[in-house]
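K.L.:
take this sequence and fold it.
(chains A, B and C)
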Amino acid sequence: MPESTDHIGLFEKYLLMNKIFKDREVLRHSYRPHILPHRKEQIDQLAAILAPSLQAETPSNILIYGKTGTGKTASVRYVGTELETVSRKMKSYCQVIHLNCEIIDTQYRVLTQIAKLLSDESEEYPSDKAKIQIPMTGLATDQIYSKMTEQFEHIGATFIIVLDEIDKLVKKSGDDTLYTFTRINSDLTNSRVAIIGISNDLGFKTFLDPRVLSSLSEEELVFPPYNAPQLCDILEQRAEMGFNPDVLDEEVIPLCSALAAQEHGDARRALDLLRISGELADRERAEKVATDHVHKAQEKIETDSMTECIRTLPTQSKAVLFCMLLLHKNGQKVFISGDITRVYRSLAPALHLDVLTSRRVSDLISELNMLGIINTRLVNRGRHGRTKEMWFDASIDRIWEGIHDDPNERFTAIPMEIVQDALTHGM
DNA sequence: AATCCACAGGAAGCCCGGGAAC
DNA sequence: GTTCCCGGGCTTCCTGTGGATT
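P.N.:
Residues are numbered from 1 along each chain as shown, chains lettered A, B, ... in the order given. Prediction:
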């Protein structure tokens, strides 16, 4: 046991030790810089399209494409706040509403969220109207719709609704929401609404009804991926604010940029690499951040995201994944849906789980594939039918790690003979 | 050429828990 | 209390598929 005097120094030594970072927050991707390097063109275009809203006109709807970490959201937010600031000085009021459709992914939720944000906002604009309470669930969608339009009319402004990750919304619940928005202006007299859709997926247009598409994509903007030198500029800018002078080895930023450029020019990834490299160096009490910190950071990011992803999986998905792992351990490197279902059927009761139908298991398998935990391939095996082949990448240890992390140790407590039995039955 | 396997994956609908309004 | 609504997980039923086998 340490002496009591040691306790006093417990945190102090970490504070004194902080030689690397000046301000760690600026290295997070949630941080919004005032200057966005290499996005001037896109920002200008956005501003040009949105400018009419300052004269109480409805601007065109916009669709924005670009891979993750290409500065789409940051640029839109930047232009949005500028627009709001300028509009406050003029008499025509504009408001930008930013929604992330990865979380807010149904029509009901989108409408609710907007109505909620507006009613929070209206406190700033004194009125005798009481704040409207909107429940998470329980009302009919058209009731929410009229509450929302009521709010629009009450405030009377130009509203720019930004639907970030709009592809998620469309894939999950169709284009009804968008259809609603394309004709909302005919229900409004005192206010105007324009939509900005942001999508990671270039092919998402195919999911849309042609009428919705033509209305939504009056203007289109593409954000190309950053190349390595551009990523360097971005990192330089942040590093100057985030790190103490001279703590970065010369090659650190170019390496982070090069690694992230391989991942389709993702600025987020580049920033994560840089920040985590710094954190690793900090923890080692190193004087400087060196290139092998970057390599370690790269490794850490991949491991962490995989185990975290598996740890948070629903139990039934874990069970299906567990069956795959057992088959793999048993020497089978490629397996088909039938194998999984058979092993799962005999194993699920031992795991104290309800036995799901193969239809449902098939969906769970597809989800695991989408998360990148397994790979799948449709195969036609002639007489032996059509099925899905699946296999693991190299990262099996990480997957086991995530599975063993189960809070009630469901997958570690299972007796060996039951596993063996399930595997032999599954053949 | 016809058959037929072993599923894939769409559509519809059930059930449950959350909640509101009456 | 009853009746209505939404969303998520799930089942049931179903049609479609393409090449090895007959």
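K.L.:
make it CA atoms for all contacts and neighbour counts henceforth
P.N.:
Fine.
K.L.:
enumerate the residues of the stretch 301-427 of chain A near DNA strand B.
P.N.:
Residues of the stretch 301-427 of chain A found near DNA strand B (Cα under 7 Å from any atom of the strand) are A:336-339, A:358-359, A:362, A:366, A:378, A:381-388.
K.L.:
report the buried members of these.
P.N.:
Among those, those classed as buried by 16 or more other Cα atoms under 10 Å are A:336, A:337, A:338, A:339, A:358, A:362, A:366, A:388.
K.L.:
of these, just say which sits nearest to residue A:94.
P.N.:
residue A:366 (42.7 Å; Cα to Cα).
K.L.:
tell me how far the closest one lies from residue A:372.
P.N.:
10 Å (Cα to Cα, to the nearest Å).
K.L.:
what comes up buried for the helix or strand hosting residue A:116?
P.N.:
According to DSSP states H and E, residue A:116 maps onto helix A:107-121. Within helix A:107-121, the residues scored as buried using 16+ other Cα under 10 Å are A:107, A:108, A:109, A:110, A:111, A:112, A:113, A:114, A:115, A:116, A:118, A:119.
K.L.:
which among the residues you listed are in contact with DNA strand C?
P.N.:
Among those, DNA strand C is touched by A:107, A:108, A:109 when using Cα under 7 Å from any atom of the strand.
K.L.:
from those, which is closest to DNA strand B?
P.N.:
Nearest to DNA strand B among those: residue A:108, at 11.1 Å, using Cα to the nearest atom of the strand.
K.L.:
and the closest one, what does it touch?
P.N.:
Listed by Cα atoms under 8 Å, 6 or more residues apart in numbering, the contact set of residue A:108 reads A:141, A:144.
K.L.:
10 Å instead, please
P.N.:
By Cα atoms under 10 Å, 6 or more residues apart in numbering, residue A:108 lies in contact with A:136, A:137, A:139, A:140, A:141, A:142, A:143, A:144, A:145, A:177.
K.L.:
what about the fifth one, neighbour count?
P.N.:
Residue crowding around residue A:141 was assessed by other Cα atoms under 10 Å; the count is 15.
K.L.:
how far away is it from residue A:147?
P.N.:
10 Å.
K.L.:
what sits in contact with each of the two?
P.N.:
Residues touching both residue A:141 and residue A:147 by Cα under 10 Å, 6+ apart: A:111, A:112.
K.L.:
coming back round to it: among the residues of the stretch 301-427 of chain A next to DNA strand B, name the ones in strands.
P.N.:
A:336, A:378, A:386, A:387, A:388 (DSSP state E).
K.L.:
the last one and residue A:380: what is the separation?
P.N.:
To residue A:380, residue A:388 is 9 Å away according to Cα to Cα.
K.L.:
quick one, what contacts the residue nearest the centre of chain A?
P.N.:
The residue lying closest to the centre of chain A (Cα atoms, centre = their mean) is residue A:102, at 6.7 Å. For residue A:102, the contacting residues are A:163, A:164, A:165, A:166, A:167, A:168, A:169, A:172, by Cα under 10 Å, 6+ apart.
K.L.:
got CSV for those residues, with secondary structure too?
P.N.:
Listed next are those as CSV, based on DSSP: H, G, I helix; E, B strand; the rest coil:
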residue, secondary structure
A:163, strand
A:164, strand
A:165, coil
A:166, helix
A:167, helix
A:168, helix
A:169, helix
A:172, helix
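K.L.:
can I get the residues you listed in a markdown table including distance to residue A:192 and pLDDT?
P.N.:
Below are the contacts of residue A:102 laid out as a markdown table (distance: Cα to Cα, whole Å; pLDDT from 0 to 100):
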| residue | distance to residue A:192 | pLDDT |
| --- | --- | --- |
| A:163 | 16 | 93 |
| A:164 | 20 | 93 |
| A:165 | 23 | 90 |
| A:166 | 21 | 90 |
| A:167 | 24 | 86 |
| A:168 | 25 | 85 |
| A:169 | 23 | 86 |
| A:172 | 27 | 79 |
